[in-house]
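Peer 1: Provided below for reference: sequence and predicted model.
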Amino acid sequence: MAKVFYCSDLVPGCSFEARGNSSEEVIAEIADHIAIVYKMVNLSDEILAMVCKAVHEDVRVRTRAAGS
């Protein structure tokens, strides 16, 4: 199942979202975001643990087009 991360869950006001087919894909996107936006290249174990806990299954409701 697809995974999603909302940066605003950890940093209020940040609109960054990452989606992927696995936690690893999402965490790679998050690491890039943190490095570029927050200038944190080396993530501590504590930060990584917080990020991992904030990655969730993407349960967006998908609707079928009318007539499908």
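Peer 2: That came through fine.
Peer 1: which stretches of the protein form helices?
Peer 2: Secondary structure of the chain, counting by DSSP state H: helices at 23-37, 45-54.
Peer 1: which residues touch the first one?
Peer 2: Contacts made with helix 23-37 from outside it, assessed by C-beta atoms under 8 Å, 6 or more residues apart in numbering, are listed as 3-5, 7, 14, 16, 18-20, 40-41, 43, 47, 51-52, 55. Placement of C-beta: from N, CA and C, glycine included.
Peer 1: identify the farthest-apart pair in those residues.
Peer 2: Using C-beta to C-beta, the two most remote members of the contacts of helix 23-37 are V4 and V41, lying 24.0 Å apart.
Peer 1: low pLDDT regions in the protein?
Peer 2: Judged by pLDDT under 70, the chain has its weakly predicted residues at 61-68.
Peer 1: dump the helices of the chain into JSON lines; add mean neighbour count as well.
Peer 2: As requested, these are arranged in JSON lines below (neighbours: other C-beta atoms under 10 Å):
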{"stretch": "helix 23-37", "mean neighbour count": "16"}
{"stretch": "helix 45-54", "mean neighbour count": "13"}
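Peer 1: of the ones you listed, which approaches R60 most closely?
Peer 2: helix 23-37 (14.3 Å).
Peer 1: quick one, that closest one and helix 45-54 angle?
Peer 2: Orientation of helix 23-37 against helix 45-54 (axes from the mean of the first three to the mean of the last three C-alpha atoms, to 10 degrees) gives an angle of 130 degrees.
Peer 1: just how off-centre is helix 23-37 within its chain?
Peer 2: Taking C-alpha atoms, centre = their mean, to the nearest Å, one finds the center of helix 23-37 at 7 Å from the center of the full chain.
Peer 1: do stretch 1-9 as well
Peer 2: 4 Å.
Peer 1: that older thread, which of the contacts of helix 23-37 tops the neighbour count?
Peer 2: Highest neighbour count within those, by other C-beta atoms under 10 Å: F5, with 24 neighbours.
Peer 1: pretty sure that residue sits against V51.
Peer 2: Yes - applying C-beta atoms under 8 Å, one finds F5 in contact with V51, separated by 7.3 Å.
Peer 1: nearest residue to Y6 in space, please, no chain neighbours.
Peer 2: Closest residue to Y6 apart from its sequence neighbours, by C-beta to C-beta, 6 or more residues apart in numbering: E17 at 5.5 Å.
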